[in-house]
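Asks: sequence and predicted structure below; questions after.
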Amino acid sequence: MSKVEFKNISKRFGSFLANDDISFGISGNTVHCIVGENGAGKSTLMNILFGLMKPDSGEIIIADKPVVFSSPHEAITAKIGMVHQHFMLIDDFTVLENVILGDEPVKGLSLDLKAAKEKVDALIFQYKLDINSSEKVTDLSISMQQKVEILKLLYRDSEILIFDEPTAVLSPVEVSSFFKMITSFKESGKTVIVITHKLNEVREIADKVSVLRKGRLVYEADNVSGNIDINELSKAIIGGAELIKIRPKSNSNSMKKPLLRLVDVSLVRGKRKMLDGLSLELFNGEILGIAGVEGNGQSELADIVCGIEREFTGTVELPDERASIVPDDRLKKGMIKEFSIGENLVLKKDGNSLHRMSTLRKASEEVIAEYEVRAPGPDIKTGSLSGGNQQKVVIAREIASGRSVMIFSHPTRGVDINAEMFIHSEIVKERNKGKAILLISSDMEELLSLSDRLSVIYKGKIERTFDSNELYAESQMPEQQDHRKEMLINEIGKLMTGVSN
Amino acid sequence: MSHHSKANTLSVLLSLIFTFMILTILILLIGKDPVEVYSLIYNDVFTSGYGIGQTLFKATPLIFIACGLAICFHASLFNIGAEGQLNAGSFVIALTAVQIESLPLILKLLICACAGFAAAGLVGLIPAVTKVKKGVSEVISTIMMNFVVLAVINYRMVDFFAVKSTLRTVSIGDDSLLGKASDLFPFFEGSSLNVSFIAALVVAALVYILIYKTTFGYKLRAVGFNETASRYIGVKVNKMILTSFFVGAGITALVGINYIFGYKGYYELGFSNNIGFTAIAVSLLAKNNPVGIIFSSILFAALDYGGLAVNQLIPKEVMLVVQGLIILSILSSDSIVQSYFKKRGLI
Amino acid sequence: MEILSGILSFTFLAQIFRMMTPYYLGASGANFSERAGVINISIEGFMNMAAFSFAVFSIFTGNSILALVLCLIVNIILSIVFSLFTVTLKINQIVTGVGFNLLIAGITKFLMVLFFSSSSNTPRISVHPDMAFSITLFAIALILISIHLLYKTKFGLRLRSAGENPWAAESLGVKVMKYKYAGVIISGLLSALGGIWLVSSQNNYSDGMIAGRGYIALAAMIIGKWKPLNIFFACLMFAAFEALEITLQISGADIPTQLIQMLPYLITILVLIGFIGKTKPPAADGIPY
């Protein structure tokens, strides 16, 4: 009998199908891992379970009863607890205050802080959390803060504990003590659901694993004392190696010179080391792909190269003042959605000049024609375009600015297949013009089909760089090529998830 | 007309209608006849040359200040410090004018305007610098700066510059005063309307072009819409904050030209009478559009002057209530209309 | 010498405590509102409204206790409207605050002329003789009341959570909106008492009598780092400036009083820049939820 049962869950955001008819069960008293790439639909599924979203169709059954939560609070009342990737803590409060908020013991008109402390301290002792309940959260390390989140669940007697990427923020030592904690929860009769990317962790803690890809459940396996097949698993996560088509490479005869050079770059944000002595070189006329699980320093790398982040150590050499960037979130970072296409282009201009309506309109029309933007007219606000067309506008603007180093960060995220093909051909075109391109993506197919070289980033460092000989061996038989690609993807998957050593 | 401008027009109309209704109810409550009150306002404000002249004269400072503020507001900078900025500027204008009394008028005007602009601009630069360097919210620092500036002026004034037993500076001399409108058009006989009104219109036109037609303006509004995206696109956000604060605050100083060169001939403590705050309402009502500001300034000035016209029926201060109501009703109708349009997916 | 002995006297000290009253009431009020995440720069207007309505009710009912109750009701309504704008409609809190200040200034000036045919003063009001003193005592007691309410009760914990991280609070079942309304209403009530104190101690209402006290209250809240006891000391300091200014004016000493007037604001700017310790407002202060 399943403790939690997902039945035909579907969830759509616009044209994007985040969950596509997902059905599986989670047995009570087990650790169940849910794995998949970013955008595979794991978080959506958990948000549905936790009452943050409602499914378009399908239902959730808990202990044989169908349930519908319309808020996290209802889920909490039903003894479901979730530790988000970004903690939901109040920094200025003590551990105790954070834990009891919303469910406070009261004596007369006042809080019964003594009773609260006794209860919380007893939980801390029982699960060996080793944390001082009177300390302020802002003074705690990330791993301690995670324990506060866990305490919140224990305080509310949660029976189903959901963890979203719990180890992404932990050091190796902290990870192993976290695993001990997870085991002790299981032993005390709780059901633990862990969303993760890291396959060695799956092998270590999971009783069962479900793999999601592109919103669908694609693979399930039991894991008895670490016997799970990691190769099978990583293939299931990354998927479709056979789809990869290798693009014509740039003219390798031309003189190569490095346009971008990073030496020993480190960056600390808050209490986390985001980049840890990262070094890389990027040459003219090449695409350097950066593969990695999100949160391993990719966006910080992009911020530094495009000149937004300045608080780093180490050296960065660039031919221009800053590199051009097509950022990962076009609405938040990429464009002014209240402006038309032409008006967005104006922002790239230096100096001060007058702009007439007619010239702006002409600029819009040129972009619309050249980049096949589907827009009802040249004056339309970019905010009203579809995702793919917005992305084309951002790319058009960045290409027009003429910098020799360009960063493409998740350039085809959330765009339709036609826009994707178009964007890929634009990236290759720019590369062939001699630009140096840094391509950050979590889409393995995209990386392998575009990159001339490919670096894997893990925990703020380049773990390994594959040069073009390693990526593409010419004149091989088709079967041999397929086999090679499979090996390559396995290898990259392991590097990304930290299994390799 | 785009849905955006439809929504804007609708919310402005709604708020004016709402305010008008409340005013009517208020007049009825006092036991007066609204028709009589309104016709009195109409006759006094719109049919006599003096009334029109006074209305435009009172609109002049509002146009200057609101245009200056609009620059800051377009960058999402809440400059609540116009009161201090315009006083610093006007004070410096009065002092400068006395120093260069012998120069020809046009030169004197230019120098004074520049000096005033710089003084007000520097006062505005302080909260801008603390925001850029230390992340201090400009709201609190501009409010505090108002008091600091007024106290400093008060101190320098009383001890050094004031005409004995008054709170004003020495006069800049009668031959320094600007031409009155009535000199050319006897129609405006008796009103204080002067050349500064034309200057205000020119400033509004220039600020309009600056905000909507120049690279600077596009970057300014980009920062206001989305600061993060602006940084990624490569707009120098900090530079924009400093410049818009300096220019915006600087423009408020031109109020001093109207008051000192066009009207009194000297700077007097308390002359501004919270106009720096009223101008916030004027700018908001016009959606921070300088052309709209001309009209909303005239509306506020007409209310102000209309209050005088009906004073024997109802206290003229009723128009202060009306001004307050306009700002609150425009805020709420904006919020309601916007969410109505958004719900229907129109904007 | 004369000035010095004047400053060191007991009456001068008593003066400081008296003058602290409207500052501390306003600052505590602003603090409750900001702790719930709503910036209320309309404290000045709230005080003004209360001072005026208290004066009017006193004159028309002849009973200052009844007037106090009616005045508090007026300010509760005012606070609810303010919350409607800032919390429910999520309109920018600063702009709303500016609007309220303008509207209230207009209303009071208008009604002054309408009721009393004077734009400057009401007639003399006979206020209950213990009113001002009782309010001062309450203001002092408010230190302990605020500390208890904010840190030792369920209400305070939830109110603060609304200002620090409303998303986290709501996910734990805290009704964030309710606490934001509560914070603003408390700010309305406390600033009302500040206004009433001014009328009680001057025995009339005059236009402009708040004279920036609402803004000084905000300054005290910032310097006091949003903590009740620290805010109290900041208010004492500002009250001492004011008392000093008056003493100097009376004594005719050759010290520019304008510069003393300026000190609260100047100190606030310096504190904000970080010259005098670090300040940190509630994490979600001013952010609509």
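Replies: Everything's here; your move.
Asks: CA only for contacts and neighbour counts going forward, please
Replies: Will do.
Asks: and the residue of chain C found nearest chain A, how many neighbours?
Replies: Minimum separation of chain C from chain A (CA to the nearest CA) falls at C:T153, amounting to 4.5 Å. Burial measure for C:T153: 22 neighbouring residues, criterion other CA atoms under 10 Å in any protein chain shown.
Asks: could you list the buried residues of the helix or strand that contains C:I196?
Replies: For C:I196, the host element (DSSP states H and E) is helix C:176-202. Neighbour-count burial for helix C:176-202 flags C:176-177, C:179-201 (criterion: 16 or more other CA atoms under 10 Å in any protein chain shown).
Asks: ok, stretch B:143-155 next?
Replies: Neighbour-count burial for stretch B:143-155 flags B:143-151, B:153-155 (criterion: 16+ other CA under 10 Å).
Asks: ok, now stretch B:26-37?
Replies: B:27, B:37.
Asks: can it be said to contact chain C?
Replies: No - on the criterion CA under 8 Å from any CA of the partner chain, stretch B:26-37 is out of touch with chain C, staying 8.7 Å away.
Asks: now that stretch: average pLDDT?
Replies: Per-region confidence: stretch B:26-37 scores 92 on mean pLDDT.
Asks: what does the domain assignment say about chain A?
Replies: Per automatic domain parsing, the domain ranges recorded for chain A read A:2-239, A:242-323+A:403-496, A:341-401.
Asks: chain B is nearest to which of those domains?
Replies: It's domain A:341-401; of these, that one is closest to chain B (CA to the nearest CA) at 4.4 Å.
Asks: how far does the closest one stretch from one end to the other?
Replies: Start-to-end span of domain A:341-401 (CA to CA, to the nearest Å) is 14 Å.
Asks: go on, stretch A:441-453?
Replies: 13 Å.
Asks: again, but for stretch A:346-361
Replies: End to end - CA to CA - stretch A:346-361 spans 12 Å.
Asks: next: stretch A:102-119.
Replies: Terminal-residue distance, stretch A:102-119 (CA to CA): 15 Å.
Asks: list of residues touching it?
Replies: By CA atoms under 8 Å, 6 or more residues apart in numbering or on different chains, the list of residues contacting stretch A:102-119 from outside reads A:96, A:100, A:133, A:155, C:152-154, C:158, C:169, C:172-174.
Asks: most neighbours among those residues, please name it.
Replies: Highest count within the contacts of stretch A:102-119 by other CA under 10 Å belongs to C:R158, 28 neighbours.
Asks: in which helix or strand does it reside?
Replies: Assigned by DSSP H and E, C:R158 falls within helix C:154-164.
Asks: what comes into contact with that helix?
Replies: Applying CA under 8 Å, 6+ apart, the contact partners of helix C:154-164 are A:90-92, A:97, A:101-102, A:104, A:106, A:110-111, C:34-38, C:149-151, C:168-169, C:174, C:176, C:179-180, C:183, C:282-285.
Asks: out of those, list just those in helices.
Replies: A:97, C:34-35, C:149-151, C:168-169, C:176, C:179-180, C:183 (DSSP state H).
Asks: any idea of the mean pLDDT for stretch C:41-49?
Replies: For stretch C:41-49, the per-residue pLDDT averages 97.
Asks: distance from the chain centre to it, please.
Replies: 7 Å (CA atoms, centre = their mean, to the nearest Å).
Asks: count of neighbours near residue 18?
Replies: Just going to use chain A. 22.
Asks: switch to chain B, please.
Replies: As a measure of burial, B:F18 has 17 neighbours, counting by other CA under 10 Å.
Asks: how close does it sit to chain A?
Replies: To chain A, B:F18 is 29 Å away according to CA to the nearest CA, to the nearest Å.
Asks: kindly report the same for B:V321.
Replies: Using CA to the nearest CA, one obtains 34 Å as the distance from B:V321 to chain A.
Asks: the spatially most central residue of chain A: which element?
Replies: For chain A, the residue nearest the mean C-alpha position is A:E294 (3.8 Å; CA atoms, centre = their mean). Using DSSP H and E, A:E294 maps to neither a helix nor a strand.
Asks: can you check A:I287 too?
Replies: Taking DSSP H and E as the criterion, A:I287 maps to strand A:286-291.
Asks: so where's the chain uncertain?
Replies: If you meant another chain, say so; for now it's chain A. Within chain A, the stretches with pLDDT under 70 are A:1, A:38, A:171-172, A:240-255, A:473-479, A:481-482, A:500-501.
Asks: hm, I was asking about chain C
Replies: Using pLDDT under 70, the flagged stretches of chain C are C:1-8, C:253, C:276-278.
Asks: what residues does it put near chain A?
Replies: C:152-154, C:157-158, C:161, C:164-165, C:167-174.
Asks: may I have the helix holding C:R158 as CSV, with CA atoms only?
Replies: Coordinates of each C-alpha in helix C:154-164 appear next as CSV, following Å, rounded to 0.1, in the frame of the first residue of the first chain:
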residue,chain,number,x,y,z
LYS,C,154,1.7,35.3,19.9
PHE,C,155,0.4,38.5,18.4
GLY,C,156,3.9,40.1,18.4
LEU,C,157,5.6,37.0,17.0
ARG,C,158,3.1,36.9,14.1
LEU,C,159,3.2,40.6,13.5
ARG,C,160,6.9,40.6,13.2
SER,C,161,6.8,37.6,10.9
ALA,C,162,4.6,39.6,8.6
GLY,C,163,7.2,42.2,8.3
GLU,C,164,10.2,39.9,8.0
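Asks: ok, back up a step: ok, and which of the buried residues of stretch B:143-155 reach chain C?
Replies: Restricting the buried residues of stretch B:143-155 to those touching chain C (CA under 8 Å from any CA) yields B:143-145, B:147-148, B:151, B:154-155.
Asks: now, these that are in strands?
Replies: Judged by DSSP state E, the subset of those located in strands is empty.
Asks: look at whichever residue of the stretch 301-450 of chain A sits closest to chain B and say how many residues are nearby.
Replies: Nearest residue of the stretch 301-450 of chain A to chain B (CA to the nearest CA) works out as A:K333 at 3.8 Å. By other CA under 10 Å, the residues close to A:K333 number 19.
Asks: so it, which state does it fall into?
Replies: helix (DSSP: H, G, I helix; E, B strand; the rest coil).
Asks: what's the nearest residue to it if we skip its chain neighbours?
Replies: B:A229 (3.8 Å; CA to CA, 6 or more residues apart in numbering or on different chains).
Asks: against B:L220, how distant is that neighbour?
Replies: Applying CA to CA to B:A229 and B:L220 gives a distance of 13 Å.
Asks: now C:N121. Its backbone dihedrals?
Replies: phi -130, psi 150 (degrees, to the nearest 10).
Asks: could you do C:L78 as well?
Replies: phi -60, psi -40.
Asks: and chain A, which residues reach chain B?
Replies: Neighbours of chain B within chain A, by CA under 8 Å from any CA: A:306, A:308, A:324-325, A:327, A:331-336, A:338, A:343, A:346-349, A:351-356.
Asks: pull out the buried residues from these.
Replies: Buried among these (16+ other CA under 10 Å): A:306, A:308, A:324-325, A:327, A:331-336, A:338, A:343, A:346-348, A:355.
Asks: returning to that earlier point: looking at B:A229 and B:L220, which is more packed in?
Replies: B:L220 (30 against 22).
Asks: and the host helix or strand of the more buried one, what does it pack onto?
Replies: Element membership for B:L220 (DSSP H and E) is helix B:215-225. Where contact means 3 or more CA pairs under 8 Å, 6 or more residues apart in numbering or on different chains; DSSP states H and E, helix B:215-225 is packed against helix A:341-346, helix B:49-74, helix B:196-213, helix B:227-233, helix B:237-252.
Asks: winner for burial among the ones you listed?
Replies: For those, average neighbour numbers computed from mean count of other CA atoms under 10 Å in any protein chain shown are highest in helix B:49-74, which has a mean of 27.
Asks: centre of the chain to that one, how far?
Replies: 5 Å.
Asks: wait, does that helix make contact with chain A?
Replies: No - Helix B:49-74 stays clear of chain A (CA under 8 Å from any CA), getting no nearer than 12.7 Å.
Asks: which SSE is immediately downstream of that helix?
Replies: helix B:82-99.
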